[in-house]
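In: Provided below for reference: sequence and predicted model.
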Amino acid sequence: MLIFSMHTSALYVTRALQCGVKGYISKSAGAEEFVEAVRQVAAGGRYVERDLAVDLAFNVAGSDEPGAALSTRELDIMRLLAKGENLSAITERLGVSYKTIANSCTTIKHKLLVQRTSDLIRITVEMHAS
C-alpha cells in the first residue's frame, strides 16, 4: 500500500510505516517522484518521499522504537559519506573491513527506507548541510 497524503510530518510517516504501508508520499512531491513511488511499491519495494526520508533520518535517533535509531557507527559512516568519502576511504578511516562498511550501508539504507546508495549519499549530504 502506498499512502498519498497532505501531511508532511515525520510523525505521520512513522505511524503509517508502523501500520505496514510500503510507501508514503505527500501531495507536495513532484509528479516524477510520485511515479517512482508507485513503481517501487508496485514492484514489491518500499518508498518514502525524498524530503520526508531526510526528516525521518533526523527524527529516527529520538525514536522509542527498538532498533529504529542509527548506531553511532552508522552515524559516523553517514558523516563520512557527507564529506565525500568513498567506502574504501571509510574502511581505512574507521579501521574495519570493506564488507563491514558495505553491510552497514545496507542496514542504514533499510532504516532510512532508500534502495540506492546514491539516495543514501544524497540524504547524508542534505543532513550535513542542515
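Out: Noted; the coordinates are in hand. Numbers count the residues shown, from 1 in each chain.

In: Where is the longest helix in this protein?
Out: helix 98-112 (DSSP state H).

In: by contact count, what packs against that helix?
Out: With contacts taken as 3 or more C-beta pairs under 8 Å, 6 or more residues apart in numbering; DSSP states H and E, helix 98-112 sits against helix 50-60, helix 72-82, helix 87-94, helix 117-129. C-betas here are computed from N, CA, C, even on glycine.

In: now the third one: mean pLDDT?
Out: Across helix 87-94, pLDDT averages out at 94.

In: List the buried residues of it.
Out: Within helix 87-94, the residues that count as buried by 16 or more other C-beta atoms under 10 Å are 87, 90-91, 94.

In: Residue 117 versus residue 42, what's the distance?
Out: 22 Å (C-beta to C-beta, to the nearest Å).

In: who's more crowded, these two?
Out: Set side by side, residue 42 and residue 117 show more neighbours around residue 117, with 15 against 12, by other C-beta atoms under 10 Å.

In: which residue packs closest to the more buried one, ignoring adjacent ones?
Out: Using C-beta to C-beta, 6 or more residues apart in numbering and skipping the chain neighbours, the partner closest in space to residue 117 is residue 105 (6.6 Å).

In: For the one you found, give me the pLDDT.
Out: 90.

In: Over to residue 124?
Out: 72.

In: so how many other residues sit close to it?
Out: Residue 124 has 23 neighbouring residues, counting by other C-beta under 10 Å.

In: Would you map out the domains in this protein?
Out: As given by automatic domain parsing, the domain ranges for the chain are 1-63, 70-130.

In: circling back: just the angle between the longest helix of the chain and helix 87-94, please?
Out: Counting by axes from the mean of the first three to the mean of the last three C-alpha atoms, to 10 degrees, helix 98-112 lies at 100 degrees to helix 87-94.
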